[in-house]
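Novice: coordinates only, sequence not included:
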């Protein structure tokens, strides 16, 4: 009996388990600059240069002010202005911009950032040739086929579908590795709610390998935070002394200004 | 502080329940207790007899006992502090000698008979799980509640090897460690080797668990029927004649039926459909007193289907093990001829209803073994064990990512044939009454197509013994040609494996350990051990690697070093017929590779720094017994983000708060602890027995974290914050089992 009593005391005593849900994370200060720059032809050079947000920080955007940001090609240098704004077309925050639209020739583009004469960031990317989206095929079960000729300078592509459903815009995007075997490529996608769209735009982007790896790693890192079965991995970066992406990409778009409901098993070509 | 008080309470409990000294008499061969042994106490001038548990009581620690039984050799022992006495059978010459050899092999192992291993821990969901039961031992880590497999001294489960009647088993558990893939009645004995192994053991670097099947010819046929919360089982031991027996066992879990029924009622796929079943047959034939033949076959299946959150998953595993053993006593020693195979087929399909992609994995891993062992008593002080073994491995890995939109990606790895020719020799020499030495070498010639590798593994152990004190120093080199790469911190079906080849060097480990054992206060045994494992060629994925669909080349995988230091303490006591075990394990792991995180060291995710276990098995009366285990462990190490960035992918409108991960395994989850309890109640019905078992996992419902997610917290009129939220998995979980033994 005495032993049973002792065992019961043990059980009751240990039954006091805390039901804590929020846990404290030790502070580890490690600040760096994060860059996102997607360059393309016939547009201004627009870049986002921000500080990272530590676990102890408030969740607000921390723009980097007064950095010397320069884009260089073998022909010309483009010093960027520190001019923060939100781009109306995609709501992207931009804080460094070129004075004019830029047309890049073939070759390398170099980025250099000097922040307070104490932090120097560099990166490099290659100009990609233009891409042409030949046609869009609307199959059954809300499937869409993107048809195009593969360029010689990249095996990586990104497809986007903008669906305008009543007052809202739905965006479906995916990055692809298409390999080297085929010259003519067909990317087949299932796009949910395609038939609900009043109008739509389909964009094909030719992207660099760095661009592909960066967006894949961003997606994985985002998932790893909410899904324990996804491997927590570092974000791919091509920025020396910082994190992020500096890349060039080429776009082509096919827009359809009416519902695609009646386009089943039909092909829409580029005009 | 709370746990310190608990510990003191536990120790006080052990001491204040003082009584007479209990001694157990066991069969040296099968470690089973022997009933009706006549015991004459020469000091006390008393005669007593062992009960059905092989136990008898005496008044003093120091006594001379005369033990006699009609089936065993009569002996006279000076008891000193011993609480277990082993008797040797008169009738079975072959096994007696073979067991002597085996005992040498298992000298440094921790051994359990079937009943001991079953009673070691409360069962999880009333199903037998060998590896889970061993978690109460020092050095066996409890990384999380769903852990399957054996994690020993900071090593991954893939570094521990299970030898089932000498046949290596590469998978021995059902999903999430719910149950072993065989029933407890199939077993006779298990021996657990950690750090130091006999020379015959290879292709594992942290521990070996040898499982011997029951080869006893029963006095009469017996049948066991059991109905449990998770599964039901039947096990028959059929005595064909005095020289032959056949065991047949079958177990089936019915979570799939319950899940299907529940989903049908709810008209929605709310819970996964999971089921498993095991079949085993064990045949023993004694030719005469000098020969014995044994064949054992196990067949297991796992099947899971789920369509939660628009993700359709279908996965199945099928495992088979066949072992054939032939024991033969000759003039030069005992020969053991063995052969068999272990095969594993694993299929996995994942598809998402919202995307067009499908992931498929079809993996096979089969090994075939043929070997001969010879145990020799050269003279009373010198014994030798020699082994020649041939192992062939065949298998393939086929991982496909089928996409209608991108190029299909495929990883094909054809392990058409791997040959391992292994030879080993191990000597045991008792130099004098204080000092014994044993050691040997394992030589393995590994062939994989054009790749050849000669692997040498020397081992040496010195043992000093004076009265109740013993000190042991050992050095052990071991190697392993199968490499496991866990995808994340806990076990996943997509964890990858590969065998040594031109680009992947064998995993090597140099293990050093010092053990001190002492018996104090008569009933208290204290073991203290220090160890250091120096591992080379430990594989890990590089930052940003995508190894699921890529060959295991130097673009994806790197090999580095790992140092594991640790200490183990264990106290065992048997006051008042209540065996109590308390253990503490300290672990430090440090892994590094030039190609990961600039060569900075990082810990692995399965080395909790501190671990305490307490276990008691109390026989309250003849019918009722209680098992109670408590586990405390420093939290598992996981990788958490060190900061966040805002990202808007090209041409898109939505910004993401993206976690930035840097150093691996940089965060220790909060400590986890839980108590598991089981109660057994026996009801005799004529000559049969009914047993009722109530098991409770995590009795005080502690929410042990296995993951932390960072979530945005909105605040009124102030900017948002990010907070870490812990996620727990297995709550308080009772289960019940009725067993009827005919």
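Specialist: Sure thing, it's come through. Being a predicted model, the structure only gives us computed values, none of them experimental.
Novice: got the residue ranges for the helices in chain B?
Specialist: B:2-16, B:93-105, B:114-120, B:130-133, B:255-266 (DSSP state H).
Novice: Going by mean pLDDT, which of those comes out lowest?
Specialist: Out of the helices of chain B, helix B:2-16 stands lowest, with a mean of 46 (criterion: mean pLDDT).
Novice: Name the nearest residue to residue 211, ignoring sequence neighbours.
Specialist: With no chain named, the answer covers chain A. Counting by CB to CB, 6 or more residues apart in numbering or on different chains, residue A:247 is the residue found nearest to residue A:211 once chain neighbours are left out, at 4.3 Å. Where you see a C-beta, it was placed from the backbone N, CA and C, and this is true even at glycine.
Novice: my question was about chain B
Specialist: residue B:164 (4.8 Å).
Novice: give the contact list for that neighbour.
Specialist: B:172, B:211, B:213, B:296, B:298, B:321, B:323, B:342 (CB atoms under 8 Å, 6 or more residues apart in numbering or on different chains).
Novice: I'd guess the residue nearest to residue A:211 is in a strand, am I close?
Specialist: Yes: membership of residue A:247 in a strand is supported by DSSP: H, G, I helix; E, B strand; the rest coil.
Novice: gap between it and residue A:176?
Specialist: Computed with CB to CB, to the nearest Å, the distance linking residue A:247 and residue A:176 is 16 Å.
Novice: So for those two, which sits in the more crowded spot?
Specialist: A count of neighbours by other CB atoms under 10 Å in any protein chain shown puts residue A:247 above the other of residue A:247 and residue A:176, at 26 against 21.
Novice: Please enumerate the strands of the stretch 1-150 of chain B.
Specialist: In the stretch 1-150 of chain B, the strands defined using DSSP state E, counting those that start in this stretch lie at B:21-27, B:38-41, B:46-49, B:55-58, B:64-69, B:72-78, B:84-87, B:110-113.
Novice: Which of those strands comes out lowest on mean pLDDT?
Specialist: Taking the mean pLDDT of the strands of the stretch 1-150 of chain B, strand B:72-78 comes last: a mean of 75.
Novice: which other helices and strands contact that one?
Specialist: strand B:64-69, strand B:84-87 (3 or more CB pairs under 8 Å, 6 or more residues apart in numbering or on different chains; DSSP states H and E).
Novice: For that strand, what is the distance to the chain centroid?
Specialist: Its chain's average C-alpha position is 35 Å from that of strand B:72-78, according to CA atoms, centre = their mean, to the nearest Å.
Novice: what comes up buried for it?
Specialist: B:72, B:77 (16 or more other CB atoms under 10 Å in any protein chain shown).
Novice: Also stretch A:157-175?
Specialist: Within stretch A:157-175, the residues that count as buried by 16+ other CB under 10 Å are A:157-164, A:170-175.
Novice: Kindly reformat those as TSV containing pLDDT.
Specialist: Formatted as TSV, the buried residues of stretch A:157-175 follow (pLDDT from 0 to 100):
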residue	pLDDT
A:157	92
A:158	92
A:159	91
A:160	91
A:161	90
A:162	90
A:163	90
A:164	90
A:170	87
A:171	87
A:172	87
A:173	87
A:174	85
A:175	86
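Novice: What ranges in the stretch 151-271 of chain A fall below the confidence cut-off?
Specialist: Low-confidence segments of the stretch 151-271 of chain A (pLDDT under 70): A:271.
Novice: any idea how chain B splits into domains?
Specialist: As given by automatic domain parsing, the domain ranges for chain B are B:1-90, B:207-221+B:232-253+B:270-311+B:321-354+B:364-718+B:721-741.
Novice: Do you have the helices of the stretch 151-271 of chain A handy? List them.
Specialist: A:209-226 (DSSP state H, counting those that start in this stretch).
Novice: quick one: the residue most central in space within chain B and chain A, what's the gap?
Specialist: Nearest to the mean C-alpha position of chain B, counting by CA atoms, centre = their mean, stands residue B:131 at 3.2 Å. Separation of residue B:131 from chain A (CB to the nearest CB, to the nearest Å): 22 Å.
Novice: show me the contacts for that residue.
Specialist: B:148, B:149, B:150, B:172, B:173, B:177, B:180, B:209.
Novice: if we can go back for a sec, return the member of the contacts of residue B:164 nearest to chain A.
Specialist: Distance to chain A, by CB to the nearest CB, is smallest for residue B:172 among the contacts of residue B:164, at 22.7 Å.
Novice: tell me which residues form a beta bridge with the closest residue to that closest one other than its chain neighbours?
Specialist: Among residues not flanking residue B:172 along the chain, residue B:162 sits closest, at 5.0 Å (CB to CB, 6+ apart). As for beta bridges, residue B:162 partners with residue B:169, residue B:209 under DSSP bridges.
Novice: residues making contact with stretch B:188-196?
Specialist: B:30-31, B:106, B:108-114, B:117, B:130, B:134, B:137, B:139-140, B:152-153, B:201, B:206-216, B:459, B:461, B:474, B:476, B:511, B:513, B:529, B:531, B:533.
Novice: Equivalent analysis for stretch B:273-282, please.
Specialist: B:174-175, B:178-179, B:181-183, B:186, B:213-214, B:231, B:246-257, B:259-260, B:263, B:294-306.
Novice: what does stretch A:258-271 give?
Specialist: Under CB under 8 Å, 6+ apart, the answer for stretch A:258-271 is A:132-140, A:147, A:194-195, A:197-200, A:252, A:254, A:256.
Novice: Strands - which of the residues you listed land there?
Specialist: Of the positions in the contacts of stretch A:258-271, A:133, A:134, A:135, A:136, A:137, A:138, A:147, A:199, A:200, A:252, A:254, A:256 sit in strands, assigned by DSSP state E.
Novice: dump the residue contacts of the fourth one.
Specialist: Think residue A:136. Residues near residue A:136 by CB under 8 Å, 6+ apart: A:144, A:145, A:146, A:147, A:202, A:254, A:256, A:267, A:268.
Novice: list the contacts for the residue nearest to residue A:211?
Specialist: By CB under 8 Å, 6+ apart, the contact list for residue A:247 reads A:37, A:38, A:39, A:125, A:207, A:208, A:210, A:211, A:214, A:238.
Novice: now do 6 Å
Specialist: A:125, A:208, A:210, A:211 (CB atoms under 6 Å, 6 or more residues apart in numbering or on different chains).
Novice: Residue B:391 too?
Specialist: Residue B:391 neighbours (CB under 6 Å, 6+ apart): B:367, B:369, B:420.
Novice: From residue B:661, how far off is the first one?
Specialist: So the one you mean is residue B:367. 37 Å.
Novice: Look up the closest residue to residue 226, ignoring the ones flanking it.
Specialist: By default, I'm working from chain A. Going by CB to CB, 6+ apart, residue A:226 has residue B:709 as its nearest residue, at 5.5 Å.
Novice: hmm, I had chain B in mind actually
Specialist: Nearest non-adjacent residue to residue B:226, counting by CB to CB, 6+ apart: residue B:739, 4.2 Å away.
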